[in-house]
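Trainee: what follows is a protein structure lacking sequence information:
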């Protein structure tokens, strides 16, 4: 039986998402493609926003929406030039973070599907 998106939070909890997103942002901090997209003072805040968002997206508390309103992902990412190369690197780093976080296997398909699809959806510049 496939795990529903909304059941992921119940399975891995806040701690699992915290491990995952921290592992991702450790990679972003030194990445030549993604790091330049983040203002220097914003990396920790970006980590918090993504953690709150994915927790909410996968069945956890609605903290993201309470703080920031509707996610409006395309609008919020519009100022950043996201091309196929950036999308692919984002997915690559997230895949590495998923491996490092060592989450339960049944949580992986819905997380992986969402991250791959969302990253593709964020592309806003041609090659």
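Mentor: Nice, thanks for sending it over. Computed from a predicted model, the values in this text were never measured in an experiment. Numbering: from 1, shown residues only.
Trainee: look up the closest residue to residue 16, ignoring the ones flanking it.
Mentor: residue 103 (5.4 Å; C-beta to C-beta, 6 or more residues apart in numbering). The way it works is simple: take the backbone N, C-alpha and C, and place the C-beta from them, glycine included.
Trainee: ok, residue 64 next?
Mentor: Of all residues not flanking residue 64 in the chain, residue 52 sits nearest, at 3.9 Å (C-beta to C-beta, 6+ apart).
Trainee: check contacts around that neighbour.
Mentor: 63-64, 67-68 (C-beta atoms under 8 Å, 6 or more residues apart in numbering).
Trainee: now swap in residue 27 and tell me
Mentor: Residue 27 touches 93, 96-97, counting by C-beta under 8 Å, 6+ apart.
Trainee: so which of these belong to helices?
Mentor: Of these, the ones assigned to helices by DSSP state H are 93, 96-97.
Trainee: can you list those in JSON lines and add pLDDT and neighbour count?
Mentor: As requested, the ones in helices among the contacts of residue 27 are exported to JSON lines (pLDDT from 0 to 100; neighbours: other C-beta atoms under 10 Å):
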{"residue": "93", "pLDDT": "98", "neighbour count": "19"}
{"residue": "96", "pLDDT": "98", "neighbour count": "14"}
{"residue": "97", "pLDDT": "98", "neighbour count": "21"}
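Trainee: now the element after the biggest helix by length in the chain, going C-ward?
Mentor: Once the chain is assigned using DSSP H, the helix that runs over the most residues is helix 8-28. Using DSSP states H and E, the helix or strand that follows helix 8-28 in sequence is helix 43-57.
Trainee: cool, thanks, signing off.
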